[in-house]
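Dropping the sequence and predicted coords here.
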Amino acid sequence: MSDFELCVAQLEAHYGDFQALFGIDFNVSKGEVIAVIGSNGAGKSTLMRSISGLMTNGASQVIFQGEPIGALRADEVAARGIALVPEGRQLFPSLSVEENLIIGSQIGRTGFWSLQRVHELFPILQERRHQPSTSLSGGQQQMVAIGRALMANPDLLLLDEVSLGLAPVVIKSIYEALPRIIEGGMSAVIVEQDISKALSVSTRFYCLQEGRVSLEGKSGSQTREEISRAYFGV
Amino acid sequence: MNSSETHTVVRSSRASYMAGIAGIVVLIVLVAAPLWAGRADMRLMSEIFLYLALASLWNLLAGYAGLVSVGQQAFVGFGGYLLFALTIFGGLHPLLAIGVASLFGAAMSVPVAALIFRLRGAYFAIGTWVVAEVFRLTFAQISALGGGSGSSLPVKIVKSVASGRTMREWTSYWLALGLVVLVLVVVYLFLRSRKGLALTAIRDNELAAGSLGIDIWRTQFLVYVVTAGLTTMTGGLIFLQKLRISPDAAFSVNDWTAFVIFIVVIGGIGTIEGPIIGTLVYFALREFLADLGTIYLIVLGIVAILIMLKAPKGLWGLIRAHWGLELFPLTHRVETKTSKEDQHG
Amino acid sequence: MDWINSIVQGVLLGGLYAMIAAGLSLIFGVMRLVNIAHGDLIILAAYLGLTVATALGLYPLIALLIIVPVMAIIGYILQRVILNNTLSDDILPPLLVTFGLSVIIQNALLEIYSADPQKMDPGALGTASANIGGISVGLLPLLMFATAIVVIAGLQFIFYRTALGRAFRAVSDNQEVAQLMGLNKRHVYGLAMALSLAVVAIAGIFLGMRTSFDPSIGGGRLIFGFEAVIIGGLGNLWGTLIGGVILGVAQNIGAQINPGWQVLAGHVVFLVILAFRPRGLFPRMTG
């Protein structure tokens, strides 16, 4: 148990009367990159929201670095070192590009990542730093969203659908940056609808279907048929 | 397919039938009040009826149409002043004057709505207050009606209601009773109508209501105008009882809005029963705490805040949650004929 | 000359309205809350100022050093204990709760201080005046206007140049994502209300030095502040200053025509602007 950086045990989640997750078990070891795949509505984003504290659960349903965090608020979870790049980027429109990055460091965690390091990773953000974040292209906005999460120097980075709505060439460049992002021992969870993309960058994967884990294993160990059965439930 | 045999969609329940019968009995008893009630009791009951009318109207506005007004005193005062103006200068009979006044009030609310409907939510609320202030300051400038110090209704006009004092008081009581019945019936029928259902949809989800093609603006506008007309009528009756009017009394935010809001919040906003419960609680509290003066208002404010925070559906909401009662059947529900336990589910 | 004089006085009075409006605008911008008790809190600040100045024998403006932090603390506690619990998609709870607070504050002041009008003694500043271009301008109104400019510039600086302002804007943009950044929105809202009531304290002391006040006038001040906000345009702090000035000038011109028309003239100008420019003169934000 204690070997895991993150341990999700028997997690359930509800939106009102609607149950979105049914007893999810989910682990991340230190330094691992985990892919979470599944179709729309499978519960991937709900899982991310539960881990990051946007949805609260029973305290011990989410254990991070040996401590129960399931019942904490999102800001408390963030302070412990989990950063979420939310689906749809969700930059702050009233803040400039640079302010969007700086606010990521608001928590006060120190480490490898600084404004300068983010600028080195995504040079375009330095060039555009005084512009309103809304003036950027989708790919650039995604860079800001990732950079903003990195500024918190998290131990666990959650990336929710980072390639959604972006041009293939932009997706490629973001995925190329990924190894550099996590090389400092950071763990990462990548939520992705593009199965091959997700499996190519991850060590292990979980496939969700209708709120349950339908398949899990080492990335690349399963056949295409097994995965599509787990993915589509056919 | 045979679900139609075991389930029925009903509006009324046994409780609402009994409430209906009890309502008729109560109404008969109340109409006959001169036979059993003293002068002071009848005066108190008139006041209760008038407050209940104001509370029900404000509830329709804020609790159903989402138009939170803190300026309904504009129409209360307008009704009072029109009663005075139409009887003194127009020579109308007071009862006719009150009827005419309510039409004027409704007409007046049209340009007012056109202006303040540009403000949303809480800013709308303060906008209504500005309008009420404009009314107050304007009437304070009319020297024929006594300007800032106000005036009294001439004895001749008072006597035209009925010649004897007793008969006048009875008439006044019956008018207040008639008004509150009228208001409750209008509110109830309105909420049962298609437009009323649309209103509930607006309240519960403005986005969904918009996508259903309901013209929100028109429905809210209609509610605002109808409420203004009936509030004006209530104002006319209030000042027919008081016989004296001044700008500060006519357009008092405390008397005609603060108390009314507290009544509705305490009773249960967004329900027909809420204002009734709230009015009874308000007058009961007042009997106990009247001597405390300003403390009474403070206590009322604290109670209202606590209810808003802890039980936003008010006392009636608590009662309904416990017993599933509904005296004025508005909601449709499915009943299973075979199982009695599900009746209030 | 009377006319020019009353216009100048109106401009300076606009400074007070702008301060009232700025506090109102600030919290609306951060948390979409319209505080109906805003005006009563100003009167509360004036009474606290009076009490402190009298008890400690302080000059009213020096009492600000005590009243500003006291009001800020009251604001933070009020937000954390009561108002945070009212914030949701439903506009009713915050509106009705702040309305209730308004009635409570007003009647508590009535109970403690009675309905008799009070005034803080501005001393020599109350009568001192400067001659500007042939018009005698009171130093107190001038100081009040200058303070309003400093207050609005200060708020503008905090909002756009500091970490606190960044937090305000982030929470206003997107509460959820702001929480992901480690911002506790309840705390941020508390700080916004604290800042709003710090401005309220300044407005209250100046109001109490300039004119007499009693517990019942809070609602009127709320309305003036609200009118300045709408005239200036939602979300624009400098706009509120212009809105305040327009309102002050309108009132003074109205009073010049007929003393009974002072407040009415301001309301009429507000309604006219609402009719022709419903989003105000310099809007930045949608309501």
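Thanks, I have the structure now.

mean confidence score for stretch A:66-74?
Here stretch A:66-74 scores 94 as its mean pLDDT.

before we move on, what about stretch B:45-61?
Across stretch B:45-61, pLDDT averages out at 96.

same question, stretch C:172-181
Per-residue pLDDT values across stretch C:172-181 average out to 94.

Pull out the buried positions in it.
By neighbour count, and taking 16 or more other CB atoms under 10 Å in any protein chain shown as the criterion, the buried residues in stretch C:172-181 are C:172, C:173, C:174, C:175, C:177, C:178, C:179, C:180, C:181. Just so you know, the C-beta spots here come from the backbone N, C-alpha and C atoms, and that holds for glycine as well.

Quick check: the last one touching residue A:102?
What that stands for is residue C:181. No. With contact defined as CB atoms under 8 Å, residue C:181 does not count as touching residue A:102 (9.9 Å).

just to revisit the earlier point, just give me the closest of the buried residues of stretch C:172-181 to residue A:182.
Within the buried residues of stretch C:172-181, the smallest distance to residue A:182 is 18.8 Å, found for residue C:180 (CB to CB).

Now, the buried residues of stretch C:172-181 that are in helices?
In helices, judged by DSSP state H, the following of these are found: C:172, C:173, C:175, C:177, C:178, C:179, C:180.

tell me, which of these make contact with chain A?
Within the set of these, contact with chain A (CB under 8 Å from any CB of the partner chain) is found for C:172, C:173, C:177, C:178, C:179, C:180.

so where do the strands sit in chain A?
Assigned strands in chain A, in chain order: A:4-15, A:18-29, A:33-37, A:62-64, A:67-68, A:82-85, A:156-160, A:187-192, A:204-209, A:212-218 (criterion: DSSP state E).

closest one to chain C among those strands?
Ranking those by proximity to chain C (CB to the nearest CB) places strand A:82-85 first, at 5.3 Å.

Going by neighbour count, which residues of that closest one are buried?
Buried residues in strand A:82-85, counted by 16+ other CB under 10 Å: A:82, A:83, A:84, A:85.

Could you list every helix and strand in contact with it?
The elements that strand A:82-85 packs onto, with contact taken as 3 or more CB pairs under 8 Å, 6 or more residues apart in numbering or on different chains; DSSP states H and E, are helix A:44-52, helix A:138-150, strand A:156-160.

That one pairs with which strands, and in what direction?
Under the criterion DSSP bridges, strand A:82-85 sits next to strand A:156-160 (parallel) in its sheet.

Between strand A:187-192 and the strand it pairs with, find me the angle.
Direction vectors for strand A:156-160 and strand A:187-192, defined by axes from the mean of the first three to the mean of the last three CA atoms, to 10 degrees, enclose an angle of 10 degrees.

Tell me where the model's unsure across chain B.
Counting by pLDDT under 70, chain B contains low-confidence residues at B:1-13, B:202, B:204-214, B:325-327, B:329-345.

what about 80?
Applying pLDDT under 80 to the predicted model, the residue ranges of chain B that meet it are B:1-16, B:121, B:195, B:198-216, B:289-293, B:323-345.

How about the residues of it by chain A?
Applying CB under 8 Å from any CB, one finds that chain B does not approach chain A at all.

Show me which residues of the lowest-mean-pLDDT helix or strand in chain A are buried.
Considering only helices and strands, the least confidently modelled element of chain A by mean pLDDT, DSSP states H and E is helix A:224-232, at a mean of 79. Along helix A:224-232, the positions that meet the burial threshold by neighbour count (16+ other CB under 10 Å) are A:227, A:229, A:230, A:231.

Any chance you could give me that helix in PDB, C-alpha atoms only?
Listed next in PDB are the C-alpha coordinates belonging to helix A:224-232 (Å, rounded to 0.1, in the frame of the first residue of the first chain):
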ATOM      1  CA  ARG A 224      -6.300  -4.300 -29.800                       C
ATOM      2  CA  GLU A 225      -9.400  -6.500 -29.400                       C
ATOM      3  CA  GLU A 226      -9.100  -6.700 -25.700                       C
ATOM      4  CA  ILE A 227      -8.800  -3.000 -25.400                       C
ATOM      5  CA  SER A 228     -11.700  -2.200 -27.700                       C
ATOM      6  CA  ARG A 229     -13.800  -4.700 -25.800                       C
ATOM      7  CA  ALA A 230     -13.000  -2.900 -22.500                       C
ATOM      8  CA  TYR A 231     -13.400   0.500 -24.200                       C
ATOM      9  CA  PHE A 232     -16.700   0.000 -25.900                       C
END
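
Output the buried residues of strand A:82-85 in CSV; the columns should cover pLDDT and distance to residue B:78.
Converted to CSV, those look like this (pLDDT from 0 to 100; distance: CB to CB, whole Å):
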residue, pLDDT, distance to residue B:78
A:82, 96, 60
A:83, 96, 59
A:84, 96, 56
A:85, 95, 58
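
ok, these vs residue B:56, which is closest?
Closest approach between the buried residues of strand A:82-85 and residue B:56, by CB to CB: residue A:84, at 48.4 Å.

Would you state the strands of the stretch 51-200 of chain C in chain order?
Counting by DSSP state E, counting those that start in this stretch, one finds strands in the stretch 51-200 of chain C at the ranges C:129-132, C:135-138.

The first one: how far from the chain's middle?
Its chain's average C-alpha position is 27 Å from that of strand C:129-132, according to CA atoms, centre = their mean, to the nearest Å.

what sits against residue 91?
This is for chain A. Residue A:91 is in contact with A:100, A:133, A:134, A:141, A:144, A:145, A:148, counting by CB atoms under 8 Å, 6 or more residues apart in numbering or on different chains.

wrong one, I was asking about chain C
For residue C:91, the contacting residues are B:66, B:68, B:121, B:122, taking CB under 8 Å, 6+ apart as the criterion.

how many other residues sit next to the closest residue to residue A:208 other than its chain neighbours?
When the adjacent residues along the chain are set aside, residue A:208 lies closest to residue A:38, with 3.7 Å between them (CB to CB, 6 or more residues apart in numbering or on different chains). With neighbours defined by other CB atoms under 10 Å in any protein chain shown, the count for residue A:38 comes to 28.

again, but for residue B:69
Applying other CB under 10 Å, we find 28 other residues in the vicinity of residue B:69.

what does residue A:42 give?
Counted with other CB under 10 Å, residues neighbouring residue A:42 total 25.

and the gap between it and residue A:207?
Distance, residue A:42 to residue A:207, by CB to CB, to the nearest Å: 8 Å.

So which other helices or strands are in contact with the helix or strand hosting residue C:46?
Under DSSP states H and E, the secondary-structure element containing residue C:46 is helix C:38-56. The elements that helix C:38-56 packs onto, with contact taken as 3+ CB pairs under 8 Å, 6+ apart, are helix C:2-31, helix C:60-81, helix C:92-113, helix C:185-210, helix C:218-232.
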